[in-house]
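**Student:** Quick one, fold the following:
(chains A and B)
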Number of protein chains: 2
Amino acid sequence: MTASTDLSFTILGTGALGGFYGARLQAAGATVRFIARSDAATIARDGLRVDSPLGDLHLDPVEVYRDSDPIPPSDVVCVALKTIQNHRLPTLLRPLVRPGTIILNLQNGLTMEDELAAAFPEARVVAGMCYLCSNKVGPGHIVHLDYGTVSFAPFDEGDRACIEPLMRAFSAAGVEVESLPDLHQARWRKLAWNIPFNGLSVLLDADTDRIIADPDARRLAARLMTEVARGAEACGHPFAPDFPERLMRFTERMRPYAPSMRLDYLDKRPLELEYMYRRPLREAERHGAQLPVIAAIADALAFRDRHNRTVG
Amino acid sequence: MTASTDLSFTILGTGALGGFYGARLQAAGATVRFIARSDAATIARDGLRVDSPLGDLHLDPVEVYRDSDPIPPSDVVCVALKTIQNHRLPTLLRPLVRPGTIILNLQNGLTMEDELAAAFPEARVVAGMCYLCSNKVGPGHIVHLDYGTVSFAPFDEGDRACIEPLMRAFSAAGVEVESLPDLHQARWRKLAWNIPFNGLSVLLDADTDRIIADPDARRLAARLMTEVARGAEACGHPFAPDFPERLMRFTERMRPYAPSMRLDYLDKRPLELEYMYRRPLREAERHGAQLPVIAAIADALAFRDRHNRTVG
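**Tutor:** This is a model prediction of the structure:
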């Protein structure tokens, strides 16, 4: 299995997501360059730790950069920043992208691939949708709880050929992979989980298990999921009729989990509202669909977010 | 001004609402009988205190009863219990109601007058909608913050004549009064304030001033108010087109206020969800109107309520 070393990777954002996948790729033999901000010094000194049911990793040394450093070019740039940093992306990506570079977007949310493809026409933009439960618990220290599948889909169907070596690399790193036929539908399907459970975990101050076990909270999650399905359909990417119910049952079987938005809220970090709520609302509205409950939840989250970071 | 003594009153529920109006009626010379539960002994011993910008009152002695006592009959029975106690109402009211007794319902919510009129056909049911900012701060101790207007409307138009002496009695007690032509429209108009501001004060952990000053929370309040207007219209009681905006501007000018639901929540008391949310949703649905944001907020409140009273 030398396949994993065929590609080199730059991980833009060494958090719960980028740190996890980057560490696994490096442990499997790939060349991996990590970009971190506040954690760069700690990672350079102490390495990168990933505790995981798949086996704990402690990588040292780690090739780590602050975003101002000159960085050797990699075949793949994994976008793993929080979406609240997306205004910085064009500047951050510019020196990392050459003709043919694969920009693998691991973020949640909607429409980011469109923006990346428009800004970097010389690159090949691929979505990597991560079904990962992991948390950053300290600088350079990530705890992987469960799951981790990455679903790959190219933004441009003409770039589908590059999915294959990506999947080989992640697979060699012990990550479950799949390729999906329709990027936009896959993005909407991911929102069908993220929109209910990220938002409600903040507004109800509860992990997924308490939400799913309570009849009222579960009904509210289902209301949100139904509106996501309506948005997906309006945008031309309808779900299979039983998809929401299957997703609900899947969540029922998950171990108790604090979604990333809940951790952001508890740590008084800004919430990823723009790409996870506002963009889907905007896209649905462009296609004539009103999603009033999602809009209401987004308003409530925006209020909570603002006061969380200014009060106390 | 002897008008205020023409009618005798039994106040069923001596809290922030019943205690305030009952005390003012008694201070103005009316015979008032108070029914209290946990506070009865304190009120019997120390009297009833109402601090108010209209002038502080300390009434002692007070004619106070526990609900099990035999009570002399009054002309008017004021229903001022929390709606979460409404299952007890038929039993509590039965010994208080004779032919011609006025049942004055001071509660918030929808459909209670219908139930009272059905249960007590021998009585005259009148709604008294209270625009009152007051809080109970301790046993037999009420703090009146602002406002206090009571809007009267008979359930049965044939009983309109009894509004006049009621209004005289309240007016003599220094309470602003008005009579309204349409009970159901008035109830819906009151919900237009209660549904947004009671619920959001709990879900956003904020008083009215912070809700109204924040662009996202204000937009969410407006979304809820718009749905109340849609419910009112579906049920045949449409608002004037500018009513929601006027109500919003009124709230802007109010002094900062913690709605009763917020106080209930902070004190871990059950929330008045049935009559303030579930009944209006049910009535709107009966008339073909879906109010998805109100339904979502009601679900979130039900979850919050349940966990508020079982956790910690």
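
**Student:** C-alpha only now, for contacts and for neighbours.
**Tutor:** Noted.

**Student:** show me what contacts the closest residue to chain B within the stretch 1-150 of chain A?
**Tutor:** Using C-alpha to the nearest C-alpha, the closest approach of the stretch 1-150 of chain A to chain B is made by residue A:84 at 18.0 Å. Applying C-alpha atoms under 8 Å, 6 or more residues apart in numbering or on different chains to residue A:84 gives the contacts A:270, A:271, A:272, A:274.

**Student:** Could you break chain A into its assigned domains?
**Tutor:** Taking automatic domain parsing as the reference, chain A has its domains at A:3-181, A:185-310.

**Student:** what is the rounded mean pLDDT of the last one?
**Tutor:** With pLDDT averaged residue by residue, domain A:185-310 scores 96.

**Student:** same check, this time on stretch A:41-53
**Tutor:** In this model, stretch A:41-53 has a mean pLDDT of 97.

**Student:** Would you mark the buried spots in it?
**Tutor:** The neighbour-count check on stretch A:41-53 (16 or more other C-alpha atoms under 10 Å in any protein chain shown) flags A:41, A:42, A:43, A:44, A:46, A:47, A:48, A:49, A:50, A:51 as buried.

**Student:** Could you save the domains of chain A as a markdown table and add columns showing distance to residue B:299?
**Tutor:** Formatted as a markdown table, the domains of chain A follow (distance: least, C-alpha to C-alpha, whole Å):
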| stretch | distance to residue B:299 |
| --- | --- |
| domain A:3-181 | 25 |
| domain A:185-310 | 5 |
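
**Student:** sec struct for the residue minimising distance to the centre of chain A, please.
**Tutor:** Nearest to the geometric centre of chain A sits residue A:107, at 3.2 Å (C-alpha atoms, centre = their mean). What DSSP: H, G, I helix; E, B strand; the rest coil gives for residue A:107 is coil.

**Student:** contacting residues around the closest residue to it other than its chain neighbours?
**Tutor:** Residue nearest to residue A:107 in three dimensions, not counting chain neighbours: residue A:80, with 5.8 Å by C-alpha to C-alpha, 6 or more residues apart in numbering or on different chains. By C-alpha under 8 Å, 6+ apart, the residues touching residue A:80 are A:11, A:12, A:13, A:14, A:15, A:17, A:18, A:105, A:106, A:107.

**Student:** got it, and residue A:291?
**Tutor:** By C-alpha under 8 Å, 6+ apart, residue A:291 lies in contact with A:227, A:228, A:230, A:231, A:281, A:284, A:285.

**Student:** On the C-terminal side of whichever strand or helix holds the last one, identify the next helix or strand.
**Tutor:** Using DSSP states H and E, residue A:285 maps to helix A:279-286. Following the chain from helix A:279-286 toward its C-terminal end, the next helix or strand by DSSP H and E is helix A:292-310.

**Student:** Enumerate the residues of chain A near chain B.
**Tutor:** Those residues of chain A that sit near chain B, judged by C-alpha under 8 Å from any C-alpha of the partner chain, are A:203-204, A:214, A:216-217, A:219-220, A:223, A:292-293, A:296, A:299-300, A:302-304.

**Student:** How are the strands of the stretch 51-200 of chain A distributed by residue range?
**Tutor:** Assignment of strands within the stretch 51-200 of chain A using DSSP state E, counting those that start in this stretch yields the ranges A:57-59, A:64-65, A:76-79, A:102-105, A:124-138, A:141-154, A:177-179.

**Student:** between those, which one is nearest to residue B:241?
**Tutor:** strand A:124-138 (46.2 Å; C-alpha to C-alpha).

**Student:** so what's the residue of the stretch 1-150 of chain A closest to chain B scoring on pLDDT?
**Tutor:** The model reports residue A:84 with a pLDDT of 93.

**Student:** For it, give its distance to residue A:191.
**Tutor:** Here residue A:84 is placed at a distance of 17 Å from residue A:191 (C-alpha to C-alpha, to the nearest Å).

**Student:** cool, and residue A:131?
**Tutor:** Counting by C-alpha to C-alpha, the gap from residue A:131 to residue A:191 is 11 Å.

**Student:** more neighbours, the two?
**Tutor:** Remark: of residue A:131 and residue A:191, residue A:191 carries more neighbours, 23 against 15, as counted by other C-alpha atoms under 10 Å in any protein chain shown.

**Student:** In contact with residue A:6, which residues?
**Tutor:** Here residue A:6 is in contact with A:30, A:165, A:169 (C-alpha under 8 Å, 6+ apart).

**Student:** top of the residues you listed by neighbour count?
**Tutor:** Most neighbours among the contacts of residue A:6, by other C-alpha under 10 Å: residue A:169, with 25 neighbours.

**Student:** Would you check that that one makes contact with residue A:7?
**Tutor:** Yes - between residue A:169 and residue A:7 there is a contact under C-alpha atoms under 8 Å: 7.3 Å.

**Student:** give the contact list for residue A:248.
**Tutor:** A:212, A:222.

**Student:** ok, now residue A:111?
**Tutor:** By C-alpha under 8 Å, 6+ apart, the residues touching residue A:111 are A:275, A:279.

**Student:** I figured residue A:199 was touching residue A:301, is that so?
**Tutor:** Yes - counting by C-alpha under 8 Å, residue A:199 sits close enough to residue A:301 to count as a contact (7.0 Å).

**Student:** who has more neighbours, these two?
**Tutor:** Taking neighbours as other C-alpha under 10 Å, residue A:199 and residue A:301 compare with residue A:199 leading, 27 against 24.

**Student:** So which residues make contact with the helix holding residue A:285?
**Tutor:** So helix A:279-286 is in contact with A:109, A:110, A:111, A:231, A:232, A:234, A:235, A:290, A:291, A:294, A:295, going by C-alpha under 8 Å, 6+ apart.

**Student:** try 7 Å
**Tutor:** For helix A:279-286, the surrounding residues in contact (C-alpha atoms under 7 Å, 6 or more residues apart in numbering or on different chains) are A:110, A:231, A:234, A:235, A:290, A:291, A:295.

**Student:** What is the neighbour count of residue A:89?
**Tutor:** 15.

**Student:** Quick one: the helices in chain A, in order.
**Tutor:** In chain A, the helices defined using DSSP state H lie at A:18-27, A:40-46, A:89-93, A:112-119, A:163-172, A:183-203, A:208-213, A:215-234, A:243-253, A:260-266, A:273, A:279-286, A:292-310.

**Student:** export the second one as CSV, just CAs?
**Tutor:** Extracted C-alpha coordinates of helix A:40-46, given in CSV (Å, rounded to 0.1, in the frame of the first residue of the first chain):
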residue,chain,number,x,y,z
ALA,A,40,1.5,26.4,15.7
ALA,A,41,4.2,26.9,18.4
THR,A,42,2.8,24.2,20.6
ILE,A,43,2.6,21.7,17.7
ALA,A,44,6.1,22.6,16.5
ARG,A,45,7.4,21.9,20.0
ASP,A,46,5.2,19.0,21.2
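
**Student:** Which elements pack onto that helix?
**Tutor:** Here helix A:40-46 is seen to pack against strand A:64-65 when contacts are counted using 3 or more C-alpha pairs under 7 Å, 6 or more residues apart in numbering or on different chains; DSSP states H and E.

**Student:** For the spatially closest residue to residue A:15 that is not a sequence neighbour, list the residues it contacts.
**Tutor:** The shortest distance from residue A:15 to any non-neighbouring residue, by C-alpha to C-alpha, 6+ apart, is to residue A:136 (6.0 Å). When contacts are counted by C-alpha under 7 Å, 6+ apart, residue A:136 is found next to A:15, A:16, A:142, A:143.

**Student:** Adding distance to residue B:195, neighbour count and pLDDT as columns, could you present the residues you listed in JSON lines?
**Tutor:** Formatted as JSON lines, the contacts of residue A:136 follow (distance: C-alpha to C-alpha, whole Å; neighbours: other C-alpha atoms under 10 Å in any protein chain shown; pLDDT from 0 to 100):
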{"residue": "A:15", "distance to residue B:195": "41", "neighbour count": "27", "pLDDT": "94"}
{"residue": "A:16", "distance to residue B:195": "39", "neighbour count": "24", "pLDDT": "93"}
{"residue": "A:142", "distance to residue B:195": "43", "neighbour count": "26", "pLDDT": "97"}
{"residue": "A:143", "distance to residue B:195": "42", "neighbour count": "20", "pLDDT": "95"}
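
**Student:** Thank you kindly, that will do.
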